[in-house]
Every structure is written in C-alpha cells, then in structure tokens.
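Colleague: Quick check, what structure comes out for this input:
(2 chains)
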Amino acid sequence: MPGKLKIHVDQDKCQGHSRCKSLAPELFELDEFGNAHEIGDGTVPEGLEDKAYLAKSNCPELAIEIVEE
Amino acid sequence: MNKPVPVTDWVHDFDHTDPRWTENPFPIWDELRNACPVVHTNRFLGVYLPTTYEAVKQVAYDTEHFSSRRIIVRNVRPEETQSAPPITSDPPAHKPAKQLLLPPFTPDAMKKLEPRVREICNELIDAFIDEPRVDAAARYTRHIPVRAIAHMLGIPEKDSDLFIKWIHEILEVGITDDSVLMRAIHEMAAYFSGHIEARRKNPTDDLITTLMNAKDKEGKPLSDIHVLGTLRLLLIAGIDTTWSAIGASLWHLAKTPADRERLVAEPGLIPTAVEEFLRAYSPVTMAREVMKETTVAGCPVKPGNMVLLSFPAANRDPAMFPDADKVIIDRKENRHAAFGLGIHRCVGSNLARMEMTVAIQEWLKRIPDFQLDPAGVVKWSEGTVRGPRQLPVLLGKGA
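Modeller: Numbers count the residues shown, from 1 in each chain, chains lettered A, B, ... in the order given. Okay, here's the model as predicted:
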C-alpha cells in the first residue's frame, strides 16, 4: 500500500491557469482572483490519487507539489 | 510602402509575416529550433525568436531584462507607446492593474456567461444550418468571442462589426501602416469615451462600470486613460485570439474524421481536446523588448531588439511534448503555454476555454458531419494571432 498523498499549491508560482481546479475539483479551490489552493490541509482522499497527479502534470507553472507521507 | 524581401535564410533572416510562415509555420519553427534555441533577424529593427519551450519560458519569467511596454513587433518603434494595462505593464505596476481584472474572469464568473454564449452559438448555427456549404470563419467562429465580450462589457452586440474592423486594423494592417493603426486607436477611444460618459450618469452592471469604480492602491479611481487602455486590451485580446482558436479547432475536426467522430460519441472528452487544440494551434505570439543585456538559453541578447515570444512554437517543442507534431485529443499530460507563462498569464483564459468548449459542443451537436470544402480555400490571418479567417466547409453526410 502506498502512503497517503498530500498536495500543496505554491502561491509564489500559481498564476491562476485553473487547470487543477477543472481536472480535480475535489482537491483544489480558487480564491476571488482565480488562484488555486489545496482544499483543507491538502490530504488526498483515497481514490483521488490519480487526479492529484493529473492536476500536477497539467500545471503550466509547476506550482503543485505532492508529497507521500 | 516597400514590399518585404522574401526570406531565403530562415535561421538568420526570418520574417513572421512572410506568407509561407502564415500558411504553415510548423516546419519553419522546427528548422529554427534545430538550428538554435534563440534565432535573430534584422527585420523589424531587430528581433529575437526563442524557439524552445525552455527559452520561451525563461523570457516570460524574466521581467527584469524583458519589458512588456511594447507587445507587437512592428516596422516602427515610436518613443510613445500605447499602453493597455496590465498587458503592457511591468512590475510593480502590473500586479494591481491585473488584480482588478481577475475577479470578473474567474471560472465561476464564466459559468454565468455560458448560457448566453450557448445561445449565441445556436443563433449563428440557425442562420446557416440549411445551407450545404458555409464559411465557418465568417459565419460562426468570428462572431462568438466578439458578442461574448460585448455582453460582458455591456455594449451592444450589434456593434460587433465595428470592433472586428478596429482589431484587423490594429493587429494586421497596423503592423506596417502607422496611420491606420492610429486612426483605429482614436476611433476606439472615442467610442468607449461615449460609453464611459453615459455610465457616469447611469451606472450599469457590467465590466465598464466595474473598471470605472475600481480604485488603485491609494484609493483613487483609475484615470480615464487607464480605463480606455484596459478596454482596448479586452477588446483586442478577447476577440481575434478566441476566434482563431475556435476556427483552428473546427479546421482540425473538418479534416480529421476520426477525431470528429470520437468527440461526437464522447462529448465528455471535449474539454481535454480543447487543451490539445490550444497546444497544437496556439493562436497567440506575444512580444517583449530587451531592456538589459543578458543570455537566453546560453545565447546573448542585446537591448534595442524586440523578442517574439512564440508560445505556439514552444508548444510544438518535442523536448517538452512527446509527439509534439501530432494532435492527440486525449493527451493526458499537457502543460502547454497557449495562455502564456508567469505573471502575464492571459486574464481571459477561462473565458476562452469556455467559449471554445461551448462553440465545439454546440457545433458538433447540430453538425456532427462536415468536411473542408475542396472547392474552397482556407485563409490564415497574418501577424501574431494565428487562425483561419476563411474556413469553407461542406455540411452534412452527403457532403
């Protein structure tokens, strides 16, 4: 069993392309300027791991970090 | 006006307005990329072209050496520039100007506009669905973005033809003819001044009023020049670009039956396909001005030159995208830069994506079968926004 995943959006890098939000709305939310933030503490619920990696691999600014705990 | 000398050596003397570049730039970009990550031409008073994704990204992120005060490469470089904040702004002025515009363009805001865009698409299709052949650029793609942005700004959708004329004069004719450019800019300013004046008396619930009510960091309202410049930007940036992107997508689907049939059968794949169309047929090439000597991907660049920031060429770089020259409508990993990279990320990217998705959905729902008209000619725009301006197609199965 792989460990739990945790995601984080680097606010210095995010430019609001909102790719993550459209690919994984369960994991990301947008602020009033359209910049993305991980929902809650960024823990990825079981079953959504692929979506987390999909969001990361479509972020043009490389702003999403994923750590395995 | 002298006609430009035709290009014989693309690597040392490229010309992005050459008809061969307009028609089919992809092999030219490959040739340039294979030669060097940054090429240079003496045309247009000196221009560099980064050809790889990494080189384009480096310039986009480096606001210290590269300024956005000029964003169109032209034959002349007048001292006074036409500002259109935030696209022509550098730090630190850029961020406050950009932040004003972000809330009206979030994905949630676009959801509210989506029903109107769907209606616009269907009104347009109603007008030609019974005809056997149609120019999809003239009858469909060109009208969608201009009507959507007019709707957002709160100006009459029927003034669309006027906006399309100004944009053609600014982005295409104006590259080489300064008098046409200035006339269009003045006409546009007079038009919007009237709308601003009317809203001073009767404020309305639209983007023009939002801009007029916006305050800068010191709590002062924006100057009329700032408001006019931003309105000019929204119109210019919001129309040609998405017109081009929708047109290139339909052009691809017209000539690729397998992709068309798949999207008809699996409409849920359309948003993913839209990303691939954005990558493969990115319409927008931006520009920067070199302010200080530096190097890009190891190549020296010198002040006094412009840089053509070709996001379209970056998106065709095989070092970044496997099978970069193939259109793969279910491409999973797609970090394309069609909307730019860094602080100047297109403020209208959510609008453009919504318009593209809706325009393709509605077209395929009502016209699942169509193909390029072999008796017609597809014409591509000149300049730094690329897309089909004439797209003759045959409608229906028997076509």
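Colleague: so where do the helices sit in chain A?
Modeller: A:19-23, A:49-56 (DSSP state H).
Colleague: Dump the C-alpha coordinates for the helix or strand where B:Thr209 lies into CSV.
Modeller: Assessed by DSSP states H and E, B:Thr209 sits inside helix B:207-213. Extracted as CSV, the C-alpha positions of helix B:207-213 are listed here (Å, rounded to 0.1, in the frame of the first residue of the first chain):
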residue,chain,number,x,y,z
LEU,B,207,-17.4,45.4,-16.8
ILE,B,208,-17.0,49.0,-18.0
THR,B,209,-18.7,50.2,-14.8
THR,B,210,-16.6,47.8,-12.7
LEU,B,211,-13.5,49.3,-14.2
MET,B,212,-14.8,52.9,-13.6
ASN,B,213,-15.5,52.1,-10.0
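Colleague: quick revisit: quickly compare the helices of chain A and say which is most buried.
Modeller: helix A:19-23 (a mean of 22; mean count of other CB atoms under 10 Å in any protein chain shown). Glycine gets a C-beta too; all of them are placed from N, C-alpha and C.
Colleague: So is it next to chain B?
Modeller: Yes - Helix A:19-23 comes into contact with chain B (CB under 8 Å from any CB of the partner chain), by way of A:Lys21, A:Ser22.
Colleague: Report the distance from that helix to the chain centre.
Modeller: Its chain's C-alpha centre and that of helix A:19-23 lie 8 Å apart, by CA atoms, centre = their mean, to the nearest Å.
Colleague: Show the secondary-structure elements that that helix is packed against.
Modeller: strand A:28-30, helix A:49-56 (3 or more CB pairs under 8 Å, 6 or more residues apart in numbering or on different chains; DSSP states H and E).
Colleague: Pairing partners for the first one, with directions?
Modeller: In other words, strand A:28-30. Using DSSP bridges, the strands paired with strand A:28-30 are strand A:36-38 (antiparallel).
Colleague: Check whether B:Phe163 really touches B:Ala148, as I assumed.
Modeller: No - assessed by CB atoms under 8 Å, B:Phe163 is found out of contact with B:Ala148, at 11.6 Å.
Colleague: These two: which is more packed in?
Modeller: Between B:Phe163 and B:Ala148, counting by other CB atoms under 10 Å in any protein chain shown, B:Ala148 is the more crowded of the two (28 against 23).
Colleague: mind checking the SS state of that one?
Modeller: helix (DSSP: H, G, I helix; E, B strand; the rest coil).
Colleague: which residues touch B:Lys332?
Modeller: A:Leu54, A:Ser57 (CB atoms under 8 Å, 6 or more residues apart in numbering or on different chains).
Colleague: rerun that using 10 Å as the cut-off
Modeller: A:Tyr53, A:Leu54, A:Ser57, A:Asn58, B:Thr272 (CB atoms under 10 Å, 6 or more residues apart in numbering or on different chains).
Colleague: Around chain B, pick out the residues from chain A.
Modeller: Applying CB under 10 Å from any CB of the partner chain, we find that chain A lies next to chain B at A:13-19, A:21-23, A:25, A:30-35, A:53-54, A:56-62.
Colleague: List only buried entries from those.
Modeller: Neighbour counting with 16 or more other CB atoms under 10 Å in any protein chain shown marks A:14-19, A:21-23, A:30, A:34-35, A:53-54, A:56, A:58-61 as buried within the residues of chain A next to chain B.
Colleague: if we can go back for a sec, of the helices of chain A, which is nearest B:Thr357?
Modeller: helix A:19-23 (10.1 Å; CB to CB).
Colleague: quick one: contacts of the closest one?
Modeller: Applying CB under 10 Å, 6+ apart, the set of residues contacting helix A:19-23 is A:7, A:9, A:14, A:27-30, A:34-38, A:51-52, A:54-61, A:63-64, B:106-108, B:271-272, B:275, B:334-336, B:339, B:349-350, B:353.
Colleague: what residues do B:Phe163 and B:Ala148 have in common as contacts?
Modeller: B:Gly238, B:Ile239.
Colleague: which SSE is B:Cys121 in?
Modeller: helix B:107-128.
Colleague: show me where pLDDT drops low in chain B?
Modeller: B:1-2, B:398-399 (pLDDT under 70).
Colleague: Get me the contact residues on it for chain A.
Modeller: Counting by CB under 10 Å from any CB, chain B sits next to chain A at B:57, B:61, B:98-103, B:105-110, B:271-272, B:275, B:331-347, B:349-350, B:353.
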